[in-house]
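**Student:** Sharing a model that was predicted from the sequence below.
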Amino acid sequence: MAESGDFRGISGFIQFDPQEREAAGKPVRDISIRLSNTVDKKIRVTLWPDFKDVPIKKGDFVAVEGRYTEVTKDGEDGPVTYKNLSAQLLFHEGKTYKGSKPATTNDSSASADDEDEPF
């Protein structure tokens, strides 16, 4: 398993329709990808404004590279780990899209309410 903060690449199918939110004062889209080489592992991927024109939807196959993070929080039934990837390179339906590195800081105080799904 990669350490939190490592750069990694993943590929798989988008499990749900993209969700829009704001991060670091910028509009982003989050997608949930079920990894293609595992049975039940999912990762939330943040697509920054550089990828705003990429037409993604549930069921699409993507490959993404970016900074990987994990955050573990207390849940009702014990610890819950959130796995996230901040996209810097996106391959979607035969095309490659390159983004810039987002200028953000690590805010480890984010509440579990900020996370849509535990993975």
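**Tutor:** Yes, it's here.

**Student:** which secondary structure element contains the closest residue to S11 other than its chain neighbours?
**Tutor:** When the adjacent residues along the chain are set aside, S11 lies closest to A63, with 3.9 Å between them (C-beta to C-beta, 6 or more residues apart in numbering). (Glycine included, C-beta is placed from N, CA and C.) Secondary structure assignment for A63, by DSSP states H and E: strand 61-75.

**Student:** Run through the residues that contact the residue nearest to S11.
**Tutor:** Contacts here follow C-beta atoms under 8 Å, 6 or more residues apart in numbering; on that basis A63 touches 9-11, 90-91.

**Student:** how about a cut-off of 7 Å?
**Tutor:** Applying C-beta atoms under 7 Å, 6 or more residues apart in numbering, we find A63 in contact with 9, 11, 91.

**Student:** okay, those in TSV with neighbour count, distance to A23 and pLDDT next?
**Tutor:** Listed next are those as TSV, based on neighbours: other C-beta atoms under 10 Å; distance: C-beta to C-beta, whole Å; pLDDT from 0 to 100:
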residue	neighbour count	distance to A23	pLDDT
G9	12	21	90
S11	14	23	90
F91	15	22	94
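
**Student:** Which SSE is immediately downstream of the strand holding A63?
**Tutor:** Following strand 61-75 in sequence order, the next helix or strand is strand 78-92 (DSSP H and E).

**Student:** Sketch out the low-pLDDT regions of this structure for me.
**Tutor:** The model of the chain has pLDDT under 70 over residues 1-5, 36-40, 101-119.

**Student:** For the residue nearest the centre of it, I want the exact helix or strand it lies within.
**Tutor:** Central residue check for the chain by C-alpha atoms, centre = their mean: the C-alpha nearest the mean position is that of V45, 1.2 Å away. Under DSSP H and E, the secondary-structure element containing V45 is strand 42-47.

**Student:** Report the strands that pair with that strand, each with its relative direction.
**Tutor:** strand 26-35 (antiparallel), strand 78-92 (parallel) (DSSP bridges).

**Student:** Using a markdown table, please lay out those together with distance to F51.
**Tutor:** A markdown table is the format used below for those (distance: least, C-beta to C-beta, whole Å):
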| stretch | distance to F51 |
| --- | --- |
| strand 26-35 | 7 |
| strand 78-92 | 6 |
